Every structure is written in C-alpha cells, then in structure tokens.
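*Asks:* this one's structure only:
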C-alpha cells in the first residue's frame, strides 16, 4: 500500500503505488515536485485507449505539471498497462463505473500514504481519458478544472447515455481540445460533446492534426489553464 | 499628413493621422508605448461593421498591445466612423480592394511620418475585420501573425469568391476566434472559413457567447499569441 520511489530528477520525483479496489490491484504512479512543500493541488491524468500510466505522453504531461508545482497521479485503466491480460489481443473499453471506483481507491491511498490534500483536484485526459474522466468528474466538487477532448458523445457505443449524462453533470471549468483532422473522432462529433458539457465555463481549442497529434502549444495551453485555475 | 497627439497616458500615447487614398481622406489612429524606443512590430486593428477606429473594443485592444510594446494602428473602413455619410441609414460592406488600398496608404504615411518599420506586422480583426483583413494579408509576407475570426466564407455575399481566395492565400500564423453561440455567424460557417485558411500554422479557439461576446481570456490569448509570434 505504500509508495515506492522509482525516479528522482532534479525537479521531480516519481513513486509507484498499488491501490486495491474490488479485490483487484490498481497500479499507479505519483509525481511530485522535488524539494518543495506538499503541493496545494493534484492533477489526475487519464490515459487513452491502448496506452497506460507510463506512456510517453502521460510522463511528459506529469513532468510539465510537477514542474509547475502540482502533484500528479496516473493509474492504469482496466485492461491496460500492468492490468493487461498476457494473452489479450486488443484493449477493452472499460466500464465507466469501474474506472471511477479505481480512481477513488487510488485517491484514498494517495491521501493516506502520501498525505495529499484532495480538496483541489484537476484532471487531464483526452480520448478515452475524457470518456472515463467525465464519469469521475460529474458532480464531484473537488475538481476545479479539467482538460478534456478528442472524444465524441457515443462512447463506448451509441447512444452514449452515460457519457452524455456525465457531460451534462460536469461542474468545473473545462479546456476542450480538438484535432481538426481527427479521423478517429471527427471534429463535428467532438463539437457535439463540447456542446453537451453542462458548465458554461468552457472553451474549445482546435489544432490541425489527426487523432492525438496535439502540438506542443496545446500542451502548454493546457498546463497554463490548469495553473491558472488551480494555483498549485 | 502629420501625426497629431490626441492622448497621453502613463504608458501609451495616441496620435491621430489622415492618409489620402484615391483622393479621399482615410482617418486613423496610432498608439505607441510611451517613453520607449520605436517598437519592433506594428499591429493593425481592423474594426467590425458599424464600428470604427475609436470604438471601445478597438481602443481596448490597442491599449493591451501598446502596453506590451507594440505600435498599433486603426483606420476607419469606408462608410464607417468619420467616413460615414451624414445621412446614411446603414453601414456598407466595403469593397475589399478599396480597404486594402486604404491600409497601404495608411502604412505609407506611418512609415514616413512616424518612422515605423513595417517589416514586422501583425493584424487583429474579427467579423468584418476578418473579411477585409484577409484581403490585406493574402500574400503579404510582412505579416507575421494574425488574430481573425467571427466570419464565414460567404462575405459579402455567396459564393464569397474573393474571401475564399484570400483565405487560401494567407501565409502567416493565425489564431481564429469563434463564439460558440454566434447567431450572426453560426459556428459551422466560421469553421468552414477556418478550414479554408491556406496556412496550416493555425489554431481555433471557441468561447460561449453570441457574436463578438469574446471573454477577457480570449483577448488575453490573442495578445499572448501576437507577442509570441511578433516579439515586439
């Protein structure tokens, strides 16, 4: 249940942890600014489908955020990363309720083992990270800001009843990212999901590129948005 | 032909000027950072229809930009501001070619009378300011960055042959602003114009609100974009 130091750089430390949820291990990573007081805010990163807690884009985001003073956590979604079955041929679209329970288990562990204050939370997850993240964020007042996007309102399948309800129940400010030439999530379907977000404190930023080809300036804008809203 | 000081604040001075183009006076305003060397970059502001060179939103943008070290110029479009006929009952949709000649006349005056270096230009104009601005920007390599938006590809009337050609010929990086709930320029038509922009160095930012209800964060993002691209 404890944290194991797995990486230490001049400005960021990384720790491995394993929560236990519904009798299953949920492996995760926690990044923290090195040599600073406990961060005032924690950002959760939700990875995309086929990806995992330690994929390059997650680690990149974690370092950008820890460098700005946030604690950052990521967990493997069901069927992904360390939770992938050895003989699996493809990656599942996890049940949203299960993904929420996983996050709640991880947050409880981070509170107990790492002393993280969970009153100021942010979330950053695009693609499947948005579908699962919306379920986590809906109605949870601890979340003060979220970076979402690259997702449509029919996940996992039409009519997407849950993702639409979750979107409508979203209470925190959102920056919603779109790839203009997204082949997997055509921009019009991404616009539909943005339109469904219940909070009017939202803005959409679109950049040329196919699915998940977000330029550096999009990542920088996401960090700036979280910093401004969460004041880590 | 010279500049007349009309305003002086702690950080910005404002000057009135009148260029002469095709035998007609073209009145304009120049704002400059007070007490600094000649700015390295000049941003032209193109106002919207029914508006003019000294309308509140233009003056606000000019002060934001001059405060960041830019020279800033605005002129009245044909039929607008000081160029409005006393008995006019509505505002025209000016001919794009005439608007371009007006700007070229103003730039020549600003070079001669104010010593402005015109090698590093930016442009900020939404709504009609985009329709006329695209004509000015198309193929002109002096422009290094432009903030555009709130416009569709059928201005002044379908099929909008000139605005489409100008959009395709745009060579500089663009930040394109959209109001999500725009009744005058429905967002889908704004997306169509963004799609037609020939330069792939472009990004779109959308905010809730009806036509021209851009929140402060949109204006701040526009200033940041121009600063980053033009380094005044």
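*Replies:* Cool, the structure landed. For clarity, every value in this text was computed on a predicted model and none was experimentally measured.

*Asks:* Now the nearest residue to residue A:182 once chain neighbours are set aside: phi and psi?
*Replies:* Leaving out its chain neighbours, the residue that sits closest to residue A:182 by CB to CB, 6 or more residues apart in numbering or on different chains is residue A:211, at 4.7 Å. For every residue, glycine as well, the C-beta is placed using N, CA and C. Backbone torsions of residue A:211, given as degrees, to the nearest 10, read phi -50, psi 120.

*Asks:* What count of nearby residues applies to residue A:211?
*Replies:* Counted with other CB atoms under 10 Å in any protein chain shown, the burial measure for residue A:211 works out to 16 neighbours.

*Asks:* That one reaches residue A:179, doesn't it?
*Replies:* Yes. Contact between residue A:211 and residue A:179 holds when scored by CB atoms under 8 Å: they sit 5.8 Å apart.

*Asks:* Could you tell me which residues touch both of these two?
*Replies:* With contacts taken as CB atoms under 8 Å, 6 or more residues apart in numbering or on different chains, residue A:211 and residue A:179 have A:150, A:185 as neighbours in common.

*Asks:* ok so, going back, who are the contact partners of the residue nearest to residue A:182?
*Replies:* Contact analysis of residue A:211 by CB under 8 Å, 6+ apart lists A:127, A:150, A:179, A:182-185.

*Asks:* how about those, which pair is most distant?
*Replies:* Considering CB to CB, no two members of the contacts of residue A:211 lie farther apart than A:127 and A:183, which are separated by 12.6 Å.

*Asks:* In terms of helices and strands, where is residue A:59?
*Replies:* Following DSSP states H and E, the helix or strand that holds residue A:59 is helix A:56-66.

*Asks:* likewise residue A:193?
*Replies:* Secondary structure (DSSP H and E) places residue A:193 in helix A:187-196.

*Asks:* where exactly do the helices run in chain A?
*Replies:* Ranges of helices in chain A, per DSSP state H, are A:56-66, A:96-114, A:128-137, A:161-168, A:187-196, A:216-230.

*Asks:* Give me the angle between the last one and helix B:216-230.
*Replies:* In this case it means helix A:216-230. Between the axis of helix A:216-230 and that of helix B:216-230 there is an angle of 140 degrees, by axes from the mean of the first three to the mean of the last three CA atoms, to 10 degrees.

*Asks:* circling back: who has more neighbours, residue A:127 and residue A:183?
*Replies:* For residue A:127 versus residue A:183, the count of surrounding residues by other CB under 10 Å is larger for residue A:127: 25 against 8.

*Asks:* hang on, the earlier thing: for the helix holding residue A:59, give me every contacting residue.
*Replies:* Residues from elsewhere that reach helix A:56-66 (CB under 8 Å, 6+ apart): A:11-12, A:14, A:29, A:31-33, A:43, A:45, A:47, A:51-52, A:72, A:74, A:124, A:212, A:219-220, A:222-223, A:226.

*Asks:* Quick check: which of these are also close to chain B?
*Replies:* When CB under 8 Å from any CB of the partner chain is applied, no member of the contacts of helix A:56-66 is adjacent to chain B.

*Asks:* Take those and keep only those in strands.
*Replies:* Judged by DSSP state E, the subset of the contacts of helix A:56-66 located in strands is A:12, A:14, A:29, A:31-33, A:43, A:45, A:72, A:74, A:124.

*Asks:* Of these, keep whichever come out buried.
*Replies:* Among the ones in strands among the contacts of helix A:56-66, those classed as buried by neighbour count (16 or more other CB atoms under 10 Å in any protein chain shown) are A:12, A:14, A:29, A:31-33, A:43, A:45, A:72, A:74, A:124.

*Asks:* Mind picking the one among those residues that's closest to residue B:22?
*Replies:* Out of these, the one with the shortest distance to residue B:22 is residue A:124. That distance is 54.3 Å, counting by CB to CB.

*Asks:* residues touching that closest one, list them.
*Replies:* A:43-46, A:61, A:65, A:146-147, A:222, A:226.

*Asks:* Kindly recompute the last result at 7 Å.
*Replies:* A:43, A:45, A:61, A:147, A:222, A:226 (CB atoms under 7 Å, 6 or more residues apart in numbering or on different chains).

*Asks:* How about residue A:201?
*Replies:* Counting by CB under 7 Å, 6+ apart, residue A:201 makes contact with residue A:173.

*Asks:* buried ones in the helix holding residue A:59?
*Replies:* Across helix A:56-66, burial judged by 16+ other CB under 10 Å covers A:58-59, A:61-66.

*Asks:* Given the helix or strand bottoming out on mean pLDDT in chain A, what are its sheet partners and their directions?
*Replies:* For chain A, using mean pLDDT, DSSP states H and E, the weakest element among its helices and strands is strand A:4-8, scoring a mean of 87. When pairing is defined by DSSP bridges, strand A:4-8 lines up against strand A:12-21 (antiparallel).

*Asks:* and the angle from the strand it pairs with to strand A:71-75?
*Replies:* Using the same axes, to 10 degrees, the interaxial angle of strand A:12-21 with respect to strand A:71-75 works out to 40 degrees.

*Asks:* Specify the residue positioned farthest from the middle of chain A.
*Replies:* Of all residues in chain A, the one whose C-alpha sits farthest from the chain's mean C-alpha position, using CA atoms, centre = their mean, is residue A:87 at 26.7 Å.

*Asks:* Mind pulling up the pLDDT for that one?
*Replies:* Per-residue confidence for residue A:87 comes out at a pLDDT of 91.

*Asks:* before we move on, back to that, could the contacts of residue A:211 go into a markdown table alongside distance to residue A:101 and pLDDT?
*Replies:* As requested, the contacts of residue A:211 are exported to a markdown table (distance: CB to CB, whole Å; pLDDT from 0 to 100):
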| residue | distance to residue A:101 | pLDDT |
| --- | --- | --- |
| A:127 | 21 | 98 |
| A:150 | 24 | 98 |
| A:179 | 30 | 98 |
| A:182 | 30 | 98 |
| A:183 | 32 | 98 |
| A:184 | 27 | 98 |
| A:185 | 26 | 98 |
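
*Asks:* got the residues you listed as TSV, with distance to residue B:97 columns?
*Replies:* Compiled in TSV, those are given as follows (distance: CB to CB, whole Å):
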residue	distance to residue B:97
A:127	46
A:150	41
A:179	36
A:182	37
A:183	39
A:184	43
A:185	41
